[in-house]
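Asker: Got a sequence here, can you build the structure:
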Amino acid sequence: METSPRRITGQGLALMASSERRPRFMSAVLETCAQHGEYTSLLLPGGWSACVKCEHAAEAAATAAAQASWQAELRTRAWEARLGRAAIPERFSDRRLGTYVPTCDEAERALRMVTRYADNFAAVRKAGACLILCGDVGTGKTHLAVGVAHVVLEQGGQAVFTSVMRAVRSVKETYAKGNPKTEAQAIADLVEPDLLILDEVGVQHGSDTEKLVLFEIINGRYEAGRPTIVISNLAIKLLEEYLGARAFDRLREGGGQLVVCDWESYRSRRAA
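Answerer: Modelled structure (predicted):
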């Protein structure tokens, strides 16, 4: 059977020619690198050495690539940690401001207000300006709030989503015997994030203890200058009564905004 002739590349011919020029008794010869010019090639156990500058450049490129890969890994880990701590419910995890579809002029105005709040979060964070989303069920209040949370997370901040019931429960659990966490520490965990979203405010008539805990959270964030987004199905007056005048005033102070969502429910439209 006939074999195909061996193909010799230009580089291979150059190496062969170079080898032929190198006497066996020599341990160093001058070679020419197409990029860096003349260099001294040394006879090593593995063969003649290549251009030192090329080797250094290759090593530097490999080091830079490894560092870039590691930095990307660190960013991914940090993002996953922030996203995990955000505790956004699975049902709403994909909600973004860009995917919110307003169905009326009022909803479009609400989207503009919330988007402006998110886009200027650095100033919002500095002022500690809060946002109240209240009104009918099914109008997309949670969608808008979670959309803001994603903007904060993407900017490198920490946002946390919780219902009032879960927030109060996390504090009350510290009362149990043997729990190493104190009530103050549980409240501090909710005061610390750059943005806290409190959902289902006023869903049930809470006890005095629950309302006191809620005030401690809102007041703690107010004193620390950290923004809070409150989501409630209550009308404004009823929400103020539920929270109490002091807590409600703290949410409105420092440029706090109120967005009333009183248009037709999205879920009602889909059902129809």
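Asker: going forward, measure contacts between C-alpha atoms and count neighbours the same way
Answerer: Fine.
Asker: The residue nearest to the spatial centre of the chain and residue 88: what is the separation?
Answerer: For the chain, residue 153 is the residue whose C-alpha lies nearest the centre (C-alpha atoms, centre = their mean; 2.9 Å). Counting by C-alpha to C-alpha, to the nearest Å, the separation of residue 153 from residue 88 is 12 Å.
Asker: before we move on, back to that, make sure the residue nearest to the centre of the chain is actually in contact with residue 161.
Answerer: No: at 11.9 Å, residue 153 and residue 161 do not qualify as touching, with contact defined as C-alpha atoms under 8 Å.
Asker: Residue 265: how many residues sit nearby?
Answerer: 16 (other C-alpha atoms under 10 Å).
Asker: same thing with residue 232?
Answerer: Using other C-alpha under 10 Å: residue 232 sits among 25 other residues.
Asker: which residues does it contact?
Answerer: 132, 133, 134, 135, 199, 200, 201, 202, 203, 239 (C-alpha atoms under 8 Å, 6 or more residues apart in numbering).
Asker: List the buried residues of stretch 232-247.
Answerer: 232, 233, 234, 236, 239, 240, 242, 243, 247 (16 or more other C-alpha atoms under 10 Å).
Asker: ok so, going back, of the contacts of residue 232, select the buried ones using a PyMOL command.
Answerer: Those of the contacts of residue 232 that count as buried under 16+ other C-alpha under 10 Å are selected in PyMOL with:
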select buried, resi 132+133+134+135+199+200+201+202+239
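Asker: tell me the mean pLDDT over stretch 222-238?
Answerer: With pLDDT averaged residue by residue, stretch 222-238 scores 95.
Asker: Tell me the spacing between the residue nearest to residue 96 when sequence neighbours are not counted and residue 92.
Answerer: Leaving aside its sequence neighbours, residue 96 sits nearest to residue 147 (C-alpha to C-alpha, 6 or more residues apart in numbering; 4.1 Å). Distance of residue 147 to residue 92, given as C-alpha to C-alpha: 9 Å.
Asker: now do residue 67
Answerer: Here residue 67 is placed at a distance of 35 Å from residue 92 (C-alpha to C-alpha).
Asker: And residue 197, by the same measure?
Answerer: In terms of C-alpha to C-alpha, residue 197 sits 13 Å off from residue 92.
Asker: ok, these two, which is more surrounded?
Answerer: residue 197 (28 against 13).
Asker: Please give the element, helix or strand, for that one.
Answerer: Secondary structure from DSSP states H and E places residue 197 in strand 195-199.
Asker: following that strand, which helix or strand comes up?
Answerer: helix 208-224.
Asker: could you say what helices and strands that next one packs with?
Answerer: helix 164-172, helix 183-191, helix 236-243, helix 245-252 (3 or more C-alpha pairs under 8 Å, 6 or more residues apart in numbering; DSSP states H and E).
Asker: which of the residues in the first one are buried?
Answerer: Applying a neighbour-count criterion of 16+ other C-alpha under 10 Å, one finds 164, 165, 167, 168, 170, 171, 172 buried in helix 164-172.
Asker: do you know how far the closest residue to the second one other than its chain neighbours is from residue 61?
Answerer: Meaning residue 165. In this structure, residue 165 finds its nearest non-sequential neighbour in residue 200, 8.0 Å apart by C-alpha to C-alpha, 6+ apart. Look at residue 200 and residue 61: by C-alpha to C-alpha, they are 53 Å apart.
Asker: Please apply the same query to residue 136.
Answerer: The spacing between residue 136 and residue 61, counted by C-alpha to C-alpha, is 58 Å.
Asker: Which of these two has more residues huddled nearby?
Answerer: Using other C-alpha under 10 Å as the criterion, residue 136 and residue 61 rank with residue 136 on top: 18 against 12.
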